[in-house]
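Undergrad: turn this into a model:
(one chain, ligands or ions: 1)
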Amino acid sequence: MVRSITGGVLILLVAFGSAITLFPAAEGAVTQGKSRPAETKYLMRGAVQPNCAAIGKMFKEAAPADEKAWETLACHASLLNELGYVLMDDGRCPDKTWAEAAKTLKDESAKVLAAAKTKNLDEAQASFKAMTGACAACHKAHKK
Ligand code: HEC
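TA: Numbering: from 1, shown residues only. Predicted coordinates:
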């Protein structure tokens with residue numbers, strides 16, 4: 001009797017334990033990767049948003065006017081491109097919507113970068129606009 005109660009308690013504990021470890025893992029896929037400490041919101045706040053806003057500001061105020069400005073654009077686009085890879089790393093990606101948005105971020109930022117290298121403003125702006133579609137698509141599905 002004592003033994004079967006102990007057994008039951010043990011089974012309950014094991015079941016509880018796996019439920020507790022399973023749920024944060026599913027949640028963690030969106031808000032944080034599986035092994036690295038950076039939370040998604042800090043990647044967004046500290047890296048994705050500033051680089052995106054800097055490009056937006058640049059196009060709003062004036063077209064890149066000199067070598068340095070085009071290089072600054074190339075720098076922001078490069079960072080956004082790398083972040084597209086980061087968002088797919090460490091088990092962070094939970095589904096197809098996320099994967100597609102990350103791919104759009106990568107593809108379109110690469111086009112912005114290419115346009116910055118050839119100083120093609122129209123192409124840079126069009127690709128930037130397409131790139132921001134990735135922000136909206138992923139947020140609609142995954143940002144609370
Ligand atoms: C593949 C998915 C994905 C893409 C692409 C993405 N985001 Fe996010 N973003 C998220 C998620 C998920 C959150 C919410 C994170 C949380 O609160 O835990 C978020 C949150 C944010 C936040 C709020 C951060 C904070 O301070 O709490 C900002 C700002 C942001 N994103 C900007 C952007 C911009 C700008 C882009 C496009 C250049 C972008 N994001 C692209 C997934 C994405």
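Undergrad: quick check: the most centrally placed residue in the chain vs Val30, distance?
TA: By Cα atoms, centre = their mean, the chain has its centre lying nearest to Leu87, at 3.9 Å. Leu87 is 10 Å from Val30, where distance means Cβ to Cβ, to the nearest Å. From N, CA and C alone the C-beta is placed, and that goes for glycine too.
Undergrad: please enumerate the shared neighbours of these two.
TA: Counting by Cβ atoms under 8 Å, 6 or more residues apart in numbering, the contacts common to Leu87 and Val30 are 40, 98.
Undergrad: burial check on Asn107, number of neighbours?
TA: No, residue 107 isn't Asn; it's Asp. Per other Cβ atoms under 10 Å, the neighbour tally for Asp107 reads 15.
Undergrad: list phi and psi for it.
TA: Torsion angles at Asp107 (phi, psi; degrees, to the nearest 10) stand at phi -60, psi -50.
Undergrad: check Ala54 too.
TA: When quoted as degrees, to the nearest 10, the phi and psi of Ala54 stand at phi -60, psi -40.
Undergrad: residues near it, how many?
TA: With neighbours defined by other Cβ under 10 Å, the count for Ala54 comes to 15.
Undergrad: with Asp90 as the reference, measure out to it.
TA: Remark: distance between Ala54 and Asp90 (Cβ to Cβ) = 26 Å.
Undergrad: got it, and Gly33?
TA: Taking Cβ to Cβ as the measure, Gly33 falls 3 Å from Asp90.
Undergrad: of those two, who's got more company?
TA: Gly33 (21 against 16).
Undergrad: residues in contact with the more buried one?
TA: So, once contact is read as Cβ under 8 Å, 6+ apart, Gly33 ends up touching 89-92.
Undergrad: check which helix or strand Cys75 maps to.
TA: In this structure, Cys75 is located in helix 67-86 according to DSSP states H and E.
Undergrad: got a list of contacts for that helix?
TA: So helix 67-86 is contacted by 43, 47-48, 51-52, 54-55, 58, 64, 102-103, 105-106, 109-110, 112-113, 116-117, 119, 124, 131 (Cβ under 8 Å, 6+ apart).
Undergrad: buried ones among the residues you listed?
TA: For the contacts of helix 67-86, a neighbour count by 16 or more other Cβ atoms under 10 Å gives the buried set as 43, 47-48, 51-52, 55, 58, 64, 102, 105-106, 109-110, 112-113, 116, 124, 131.
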